[in-house]
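Q: I would like the atomic coordinates for the input below:
(chains A, B, C, D, E and F)
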6 protein chains.
Amino acid sequence: MTDHQDNRMADSADESDLSDGETEPGAERGLSHVSADGEVSMVDIGAKEISERRAVAVGEISLTETAIEAVRADRLAKGDVLATARIAATQAAKHTWETIPMCHQIPITSIDTDVEIEQRSIVLSVTVGTTGKTGCEMEALQGVTTGLNTIWDMVKAVEKDSDGQYPATEISGVRVVRKEKLVVD
Amino acid sequence: MTDHQDNRMADSADESDLSDGETEPGAERGLSHVSADGEVSMVDIGAKEISERRAVAVGEISLTETAIEAVRADRLAKGDVLATARIAATQAAKHTWETIPMCHQIPITSIDTDVEIEQRSIVLSVTVGTTGKTGCEMEALQGVTTGLNTIWDMVKAVEKDSDGQYPATEISGVRVVRKEKLVVD
Amino acid sequence: MTDHQDNRMADSADESDLSDGETEPGAERGLSHVSADGEVSMVDIGAKEISERRAVAVGEISLTETAIEAVRADRLAKGDVLATARIAATQAAKHTWETIPMCHQIPITSIDTDVEIEQRSIVLSVTVGTTGKTGCEMEALQGVTTGLNTIWDMVKAVEKDSDGQYPATEISGVRVVRKEKLVVD
Amino acid sequence: MTDHQDNRMADSADESDLSDGETEPGAERGLSHVSADGEVSMVDIGAKEISERRAVAVGEISLTETAIEAVRADRLAKGDVLATARIAATQAAKHTWETIPMCHQIPITSIDTDVEIEQRSIVLSVTVGTTGKTGCEMEALQGVTTGLNTIWDMVKAVEKDSDGQYPATEISGVRVVRKEKLVVD
Amino acid sequence: MTDHQDNRMADSADESDLSDGETEPGAERGLSHVSADGEVSMVDIGAKEISERRAVAVGEISLTETAIEAVRADRLAKGDVLATARIAATQAAKHTWETIPMCHQIPITSIDTDVEIEQRSIVLSVTVGTTGKTGCEMEALQGVTTGLNTIWDMVKAVEKDSDGQYPATEISGVRVVRKEKLVVD
Amino acid sequence: MTDHQDNRMADSADESDLSDGETEPGAERGLSHVSADGEVSMVDIGAKEISERRAVAVGEISLTETAIEAVRADRLAKGDVLATARIAATQAAKHTWETIPMCHQIPITSIDTDVEIEQRSIVLSVTVGTTGKTGCEMEALQGVTTGLNTIWDMVKAVEKDSDGQYPATEISGVRVVRKEKLVVD
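A: Residues are numbered from 1 along each chain as shown, chains lettered A, B, ... in the order given. Got it, this is the predicted structure:
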């Protein structure tokens, strides 16, 4: 007597189709990562065209004016808070293949972080470039959320209230601004 | 002729004070992680009381009804999407010490993930427990953002529009719900 | 007066030959990973044909009927034990390049896990696909052994006897079922 | 309308009970790691006694006589195959908290690897010591399976048949030989 | 017929003795990490006194005046090169337990990096604090060498000569300046 | 009112130019890793020639004669100290993309470690081969410094003086011996 279960990491080729935004043939089956369909697992990806891909993700963290001033002053002095956040974002993007269980490891060719300090928030955007058969929006998203969490960690001392809580601190607006794909001749 | 720079990972004892929500003595100096003040670096933490700490963080991801239905149906069938997100959140919480550059590694005693599927979003909360001298809110936050990114990754196939973009997908409301500290006799 | 020692990570090109199953030219030298022969270390791998490779490994864990029933019931309810094992297997396969000291990092294109619950054991098979110049049997094996250890970890509470020992628990039959190689035109 | 799911990493205190071999109070609920019961998550572990724990795991890999001879000769010459396996086993034991999703990170105080070369197999045993509130049998098991996979990787060149397959290679007999616990005064 | 090999990760207690600078009892046996003596592996470390330890390591990288000027100007503008080096040093210190195969994972309580820009070199010192039973000089050393390599990586573009070589670049003077140990009452 | 900061991981194509030793077009902008110039971030690397690259780095550790004798004797007996250092060097080279924040992950095709025992020092050289668009000197350097730190860790017991200090131990002469690049037809 035997039960059976099956799942898989979606094949690159499959991912490639999806990240092309094509309407998925077997869309009724729902989520490729947990699909029981094994047929994609040996698809010939050698015949797939190589694409240059780029994804831009953005998000923001709301902070007290005290923290914003501290970051601004600190940034003008040494820039360490933002440098730490940008470096953490860059490393998180590179680690996405192990952080997000079903992600493939892709050849990342560039990571670009951009920080804007508003009056009550800091906006972080991360642009990731890759050349291959799968998209890189998850890499950009992991870069954004980890970079914003790093800012949170760096301003903890001045952001907490007298009870040690964070009533004003919140991460929001995390989304993929744009995905692009260029076929390489 | 010599220039000089100095920074440090805030000492546990210092962190302990901060996570107690005490008003920081040298609050005017701003951010402990980038402080140039070296005096805390050899503070005797052996004399500090041991505390049992707990932090709860929450966040949500807005999805299309199509994706929500797919997750709901999938969850009832196998639960893989949510199981994957919960496992990713648990592992991300454990990895916070290396993901957030200035975090200490702390002895995590428990991680609890909770998922609620709303009509147009999924809410993830992560509770982390530790016993030691520093708080664990960053661990809970990394768990939440990584778990939500994992849901995003798992529903990519059905969430993208015909242009391969994510107009409806957004992570928001990421905050620390509660930090608690119990002194152990 | 000088002593000298030399070892190397076998070159991809060398690995490619080996994973082709060719009888090794310098077979008398034994183990490529510890070979003192440096000549392969700059071999031109650009001229090597690209191959699509696949490896299937399998193994099983013997459990008490109590644990099997718990897994079966749990699986029907939420499937978390098996989902956790499959996710752990997938991540372990991706991490093989750092877990097995002399392994190369290869572009994994697909990972497929399959679980069968027998009356007194659970059988896990992992299929790994890659496109490149080295095989992926080690990735499949790491997936199998880590997935089986994860099942062990998940059933500890019900598998231990009253003395906290595991008289009935054993992992066995871990082997490579099949390696395949397709030359890409 | 809301669905709800809940799971957790078993609390250290809970693990402590389990690794003590106590019959579990809520044994009918089955697997602590996937339990929906939240009551243990804030249990006071500060009041738990500290224990010195030790776990010994063992396993073996069957090899061709050609490979055994190569390992034996190589070992006498440089010992690299076995040294590599022992180092891989040691590192894998230390990494168990991230490899096995629901494992806690524990303070490992010692890791001991022991290798015996039989006529047609190599036997590896790993002993892990820790002081804390959870057992270390998973650490010992990860050490054994990773060490044996490393031996497999190191002898690939001479172990494969002319078709590139491994008809004679198999890992078996992976089990926990003994778990011990000493209460520290 | 059986061969036998044995090695171990030195027990914390043993390490504690060594880092106390005590002349080692079995000093004739040489290197504890590769010792075949198993008696220390279950020594009761619960009875050992807890110590607060600190280690300071230093090293320098020689650079062209062009690179020094670029770093100095860059530092005044944004400080990113040195911030990146300091962050890399901090993370490398935290990762020492997995980078140096036989190191224990220790509770690091503080990491302090200090950078001095000389006319033809940059000097990096890293101070690591821990509370426990083993020293932290390896953590400080990994911080120094990784931080200096990071500076090298950041100035590659201006440091290479027209042939793409590094005739002027060299890391030297990497040593442990001071180890300290305070017994906690 | 908005401040703005920008940095990026230098694009592979940019790195490729640099590692070719070409005089950098915009050399006046200084350090590519911290450049604010975004134009390279979407450069078409598909049109870049593939190159086979090799980098050789070397360094040495000064030790007491007692430690040298212990290593020499140990090496002849089992070779564990040097095997451990070589394995640590190999793994560190593979991990460079995550250790050095702004490094790309590159397809490493071979790693070769070479150890020479002099009368008062041990010299370690690491040769790394890759095929791609960026150089691998950082991988070779991380291999050398981590391998030398590992030797330090392995001889701690016999290298320390009666005060637990290391007056005679020093790592020096860490440099890139040669970088080579072959264009593949």
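Q: Lowest-scoring secondary structure element of chain A by mean pLDDT?
A: The helix or strand of chain A with the poorest confidence is helix A:12-19; it has a mean of 38 (mean pLDDT, DSSP states H and E).
Q: State the next helix or strand along the chain beyond that helix.
A: Along the chain past helix A:12-19, the next helix or strand (assigned with DSSP states H and E) turns out to be strand A:51-62.
Q: Is that next one in proximity to chain B?
A: Yes: counting by C-beta under 8 Å from any C-beta of the partner chain, chain B has neighbours in strand A:51-62: residue A:59. Using the backbone N, CA and C atoms, a C-beta is placed for each residue, glycine as well.
Q: report the angle between the axes of the longest strand anywhere in chain A and strand B:51-62?
A: If each strand of chain A is counted by residues according to DSSP state E, the longest one is strand A:170-183. Between strand A:170-183 and strand B:51-62, the angle formed by their directions is 50 degrees, by axes from the mean of the first three to the mean of the last three C-alpha atoms, to 10 degrees.
Q: Touching strand A:170-183 from outside, list them.
A: A:19-20, A:49-62, A:125, A:135, A:137, A:140-141, A:144-145, A:148-149, A:152, B:59, B:141, B:145, B:164-166, B:169-175, F:44 (C-beta atoms under 8 Å, 6 or more residues apart in numbering or on different chains).
Q: Return a PyMOL selection command for the buried portion of these.
A: Buried residues within these, by 16 or more other C-beta atoms under 10 Å in any protein chain shown, are selected in PyMOL with:
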select buried, (chain A and resi 19+51+52+53+54+55+56+57+58+59+60+61+62+125+135+137+140+141+144+145+148+149+152) or (chain B and resi 59+141+145+164+165+166+169+170+171+172+173+174+175)
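Q: how about low-confidence regions in chain A?
A: Judged against pLDDT under 70, the low-scoring parts of chain A cover residues A:1-50, A:74-79, A:183-185.
Q: Pull the longest helix along it out as CSV, backbone CA atoms only.
A: Longest helix in chain A, counting residues (DSSP state H): helix A:137-159. Only the C-alpha atoms of helix A:137-159 are listed here, as CSV (Å, rounded to 0.1, in the frame of the first residue of the first chain):
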residue,chain,number,x,y,z
GLU,A,137,12.5,40.0,-9.5
MET,A,138,12.8,37.9,-6.4
GLU,A,139,16.5,39.0,-6.1
ALA,A,140,15.4,42.7,-6.3
LEU,A,141,12.6,42.1,-3.7
GLN,A,142,14.9,40.4,-1.3
GLY,A,143,17.4,43.3,-1.7
VAL,A,144,14.7,45.8,-0.9
THR,A,145,13.2,44.1,2.2
THR,A,146,16.5,43.2,3.7
GLY,A,147,17.9,46.7,3.0
LEU,A,148,14.9,48.2,4.7
ASN,A,149,15.2,45.8,7.7
THR,A,150,18.8,46.8,8.0
ILE,A,151,17.9,50.5,8.2
TRP,A,152,15.4,49.5,10.9
ASP,A,153,18.2,47.7,12.8
MET,A,154,20.6,50.7,12.4
VAL,A,155,18.1,53.2,13.9
LYS,A,156,16.7,51.0,16.7
ALA,A,157,18.3,53.1,19.4
VAL,A,158,16.6,56.3,18.4
GLU,A,159,13.4,54.9,16.9
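Q: ok, and does stretch A:92-104 reach over to chain C?
A: Yes: residues of stretch A:92-104 are located near chain C by C-beta under 8 Å from any C-beta, namely A:97-98, A:101-102, A:104.
Q: These in strands, which ones?
A: In strands, judged by DSSP E, none of the residues of stretch A:92-104 next to chain C are found.
Q: gap between residue A:140 and residue D:180?
A: For residue A:140, the distance to residue D:180 (C-beta to C-beta, to the nearest Å) stands at 49 Å.
Q: sorry, back to before: do the longest helix of chain A and chain B meet?
A: Yes: judged by C-beta under 8 Å from any C-beta, helix A:137-159 comes into contact with chain B at A:137-138, A:141-142, A:145-146, A:148-150, A:152-158.
Q: Kindly export stretch A:54-69 (C-alpha atoms) in CSV.
A: What follows is stretch A:54-69, C-alpha atoms only, in CSV (Å, rounded to 0.1, in the frame of the first residue of the first chain):
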residue,chain,number,x,y,z
ARG,A,54,16.5,43.3,-15.4
ALA,A,55,14.1,43.8,-12.5
VAL,A,56,13.6,46.9,-10.3
ALA,A,57,11.9,46.6,-6.9
VAL,A,58,11.2,49.4,-4.5
GLY,A,59,9.9,49.8,-0.9
GLU,A,60,10.0,52.3,1.9
ILE,A,61,10.3,52.5,5.7
SER,A,62,8.5,55.1,7.7
LEU,A,63,10.6,56.5,10.6
THR,A,64,10.3,59.2,13.2
GLU,A,65,11.7,62.6,12.4
THR,A,66,14.3,62.0,15.1
ALA,A,67,15.6,58.9,13.2
ILE,A,68,15.4,60.6,9.8
GLU,A,69,17.5,63.5,11.2
